[in-house]
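S.K.: Give me a model of this one.
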Amino acid sequence: MADLIVKSAVKEQLEGQNVASDFYDALDDEVASILEDAARRAEENDRKTVQARDL
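M.R.: Next up is the predicted model:
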């Protein structure tokens, strides 16, 4: 699995909150799923470019 998120950026965004170590893996999986869905949608629309509307 590729590391799609930057832990320090997540911590900065969640300032004031504690972040469990397993949260990062779950978030990375969620981002991977979103990216796969966006790529599939672009392909279904005969595009090689993934666009914001594919989210």
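
S.K.: Could I get the full set of strands for the protein?
M.R.: Counting by DSSP state E, the chain forms no strands at all.

S.K.: Give me the residues contacting stretch 6-15.
M.R.: With C-beta atoms under 8 Å, 6 or more residues apart in numbering as the test, stretch 6-15 has contacts from 19, 23, 24, 27. Where you see a C-beta, it was placed from the backbone N, CA and C, and this is true even at glycine.

S.K.: Tell me the spacing between the residue sitting furthest away from the middle of the chain and residue 12.
M.R.: Within the chain, the residue lying farthest from the chain centre (C-alpha atoms, centre = their mean) is residue 46, at 22.8 Å. Residue 46 sits 39 Å away from residue 12, taking C-beta to C-beta, to the nearest Å as the criterion.

S.K.: next one: residue 28
M.R.: Distance, residue 28 to residue 12, by C-beta to C-beta: 17 Å.

S.K.: So which of these two has more stuff around it?
M.R.: Taking other C-beta atoms under 10 Å, residue 28 and residue 12 do not tie; residue 28 has more neighbours (17 against 9).

S.K.: Residue 4 is in contact with that one, correct?
M.R.: Yes: here residue 28 reaches residue 4: they are 5.3 Å apart, a contact under C-beta atoms under 8 Å.

S.K.: Of the contacts of stretch 6-15, select the buried ones using a ChimeraX command.
M.R.: Buried subset of these, written as a ChimeraX selection, criterion 16 or more other C-beta atoms under 10 Å:
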select :24
